[in-house]
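> would you be able to build a 3D model of this:
(2 chains)
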Amino acid sequence: MRAVGNVTAALKIMRSSRTRSLFTMLGVIIAVAAVTTVVSIGDGVKQSILLQANKSAKNVLTIRPASLSDTSDGLNKINGGGSIGVLTAEDLKTVAKQPHVTSAVSLSVAGNTAQGDYEYKGPVVSVDGDLPAVVNYSVAYGAFFADTDAANNVAVLGAKAASALYNANVPLGHGLTINGQEFIIGGILNSVPVAPLSGGFDANNTIFIPKSAAASVAPAGAVIYQILAKIDDAKNVESTAKKMQSNLSKEHGGQEMIKVLTPSELATKQTVTLGLLAKLTVAAAAITLLVSGIGIMNVMLVSVSERMHEIGIRKAVGATNRQILGQFITEAVMLSVIGSILGVILAAFACFLLGVFTDLHPHFNWAAAGLSCLAACGLGILFGVIPAARAARKDPITALRSQ
Amino acid sequence: MALIELKDVSKLYGFGDATTLALDEVSVSIEKGEFIAIMGASGCGKSTLMNVMGLLDRPTNGTYTLSGKRVDRLRPTRAAKLRRDTLGFIFQNFNLLPKLTVIENVALPLSYTNMSTTRRLKTASSMLERVGMQSREYFLPSQLSGGQIQCAAIARALVNNPSVVLADEPTGNLDSAGSRLIMELLSELHKVGNTIIFVTHNPELTRYATRVIYMHDGQIIQDEQTEIGQVAKTAKAQLYSRGRLSEEDDMAGVSTLMKAFPTAEQAKPVAKKRGRRGGKKK
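Modelled structure (predicted):
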């Protein structure tokens, strides 16, 4: 029988036992949908990060202790111990002196709680007044503090931190206590786009205070966890990063204690967690696919037993072993193909819903969809062979006698 | 050259003590255009003989020649192709696929050839027209009467234009009207030159045949030429001896057909006469 005939026959068989076919395909549907959705979410996040990097920090190099550079956000590891004191004020000077560096700022952690109208748990970061210029932050209300405001104990809030600390919509001029030290809100930042799930530094949740005020808040001294350096032109980013890396290594006695990250490297680091999640999902989906393949094999074995008489009739009228083999393999493959198509549709629907109802903006990944479909079809063939061979090998007279 | 030639064909089932001898050195020769009825009690080997002749089963011993070619040791694929191109099967329980329409069932043997779907369905349709079933083409088998289903099965058996039609009790599941319809149809096929071999328990149906082969315990015990329209002599004797079995015969499992067979002395000249055609010599 020709392939088209086999496909038509397989579809007819599937139509006649819809419920069983649907349950057989369920594993394939779930696996394909899971892989496609997770990879699409990852793609969406990556695109957001790159977009964010292009928008706010296209020409910015990030300098971090090497022990922190493998994580998405240095803040999460700042209290780890080993990295404290790696970056120093000397390093900031070295960075600022590099050719093509127009400005450089250091970010230090000065605390993690603040008291406004409500108590707030979030990073308190001490920075230079140049920060908005380096990373293109814009101020919605008030102004970012200048280095000259240091003595005035002025603080600037991220958009989310402002709403979490106060009842008022615009709490400009309100008081704020950090570690017993009083600050006045001098400015509120516009909302900064942050890629979801990236674990990246979120300026929206942060309270910024002047570098010189850090000493009063953190008596032990604020720890510099990263330095941001703005480069004059995007084409100089790579070369400056290399040069800066070697100079900083020299400063630290030739040890690779500090890592200079370009925007693209930073984006990659930020998606490490997400990549791990994607790998776990792919592994889980692979197991699901394997189990669904075994399910397909079981159903096909039952189908072969149930349809033994039909096999006998087909052989009696002239079907060869190969034609019977082809017919049953086609049925197994059709279960996988239709399951895969339904899985891709489900994934597209899930991506649409996630895009509408969450901060995630999945970017539908056709390659992942295609690959998972191919894997499912391969499994269909692999697990369809045993039942099909069993059907094909059956002696015609034995098959005809079974009812 | 005979169309079908079996020489000392035996068929054994099972192993050791459980061995059953279904065919015991059967020799028979069938010419093109014959209409043969095979009769015998249940379990005498009629169906096994049909299965061997239809290449559904392999003989344990002996040779089988079909159209001058040895086919008793064919590979499964070659046997399947011969079944597809040379043989047509009609079964007692019809054996149509319940999920396919009548026309799809009839076209089934052609679907294993390289014929296009359109041509396949056209051929099947013309075959259904020949058996008077064209108006039921798109019915499912479950929507037809027994006689109609068997007509469709006959159309399927003929669709690949086979040289031999093998019918294993084609009227076994039909009433007398249905049986007559099917036998008339087979008779018409015979008239246009088809070779037909059918198994029956009904002596009345031998009036359609040109030759009747009687079997017992896996052997051919009689081979009788007969006139179309006349019930075969031995079958007639069986027909008229119905109900005349004694209680001892009944207890001993003797059938009316066995009672109708000529005695050993009477059988001798018959056996000699059919020596040319083979059969079990006594």
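> hey, let's count contacts and neighbours off CA atoms from now on
Noted.
> who is the nearest residue to residue B:90 once chain neighbours are set aside paired with across the strands?
Distances taken as C-alpha to C-alpha, 6 or more residues apart in numbering or on different chains place residue B:167 nearest to residue B:90, at 4.4 Å, with adjacent residues excluded. Beta-bridge pairing for residue B:167 (DSSP bridges): residue B:90, residue B:198.
> distance of residue B:167 from residue A:308?
Distance, residue B:167 to residue A:308, using C-alpha to C-alpha, to the nearest Å: 21 Å.
> and the stretch 151-282 of chain B, which of its residues are near chain A?
Residues of the stretch 151-282 of chain B lying near chain A by C-alpha under 8 Å from any C-alpha of the partner chain: residue B:157.
> point me to the residue of the stretch 151-282 of chain B nearest chain A.
The stretch 151-282 of chain B approaches chain A most closely through residue B:157 (7.9 Å), counting by C-alpha to the nearest C-alpha.
> ok, that residue - contacts?
Each residue near residue B:157 by C-alpha atoms under 8 Å, 6 or more residues apart in numbering or on different chains is listed here: A:317, B:87, B:88, B:89, B:90, B:106, B:165.
> and of those residues, the nearest to residue B:29?
Residue B:29 has its nearest neighbour among the contacts of residue B:157 in residue B:165, at 15.5 Å by C-alpha to C-alpha.
> packing partners of whatever helix or strand the closest one lives in?
Under the criterion of DSSP states H and E, residue B:165 resides in strand B:164-168. Taking 3 or more C-alpha pairs under 8 Å, 6 or more residues apart in numbering or on different chains; DSSP states H and E as contact, the helices and strands that strand B:164-168 lies on are helix B:46-53, strand B:87-90, strand B:195-199.
> which residues are contacting it?
Strand B:164-168 has contacts (C-alpha under 8 Å, 6+ apart) with B:47, B:50, B:54, B:86-92, B:157-158, B:194-200.
> repeat that for stretch B:202-215.
Counting by C-alpha under 8 Å, 6+ apart, B:34-41, B:44-46, B:183, B:187, B:220-232, B:235-236, B:238-239 sit against stretch B:202-215.
> what sits against residue A:318?
B:80, B:81, B:82, B:83, B:84, B:85, B:109, B:112.
> now mean pLDDT, mean neighbour count and distance to residue A:351 too, for the helices and strands packed on strand B:164-168, in JSON lines please.
Shown next, in JSON lines, are those (pLDDT from 0 to 100; neighbours: other C-alpha atoms under 10 Å in any protein chain shown; distance: least, C-alpha to C-alpha, whole Å):
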{"stretch": "helix B:46-53", "mean pLDDT": "92", "mean neighbour count": "23", "distance to residue A:351": "60"}
{"stretch": "strand B:87-90", "mean pLDDT": "90", "mean neighbour count": "26", "distance to residue A:351": "56"}
{"stretch": "strand B:195-199", "mean pLDDT": "93", "mean neighbour count": "25", "distance to residue A:351": "65"}
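> relative to residue A:120, which of those is closest?
Ranking the helices and strands packed on strand B:164-168 by proximity to residue A:120 (C-alpha to C-alpha) places strand B:87-90 first, at 87.0 Å.
> and that closest one, what does it pack onto?
When contacts are defined as 3+ C-alpha pairs under 8 Å, 6+ apart, strand B:87-90 packs onto helix B:146-158, strand B:164-168.
> possible to save the ones you listed as a markdown table with mean pLDDT?
Formatted as a markdown table, the helices and strands packed on strand B:87-90 follow (pLDDT from 0 to 100):
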| stretch | mean pLDDT |
| --- | --- |
| helix B:146-158 | 88 |
| strand B:164-168 | 92 |
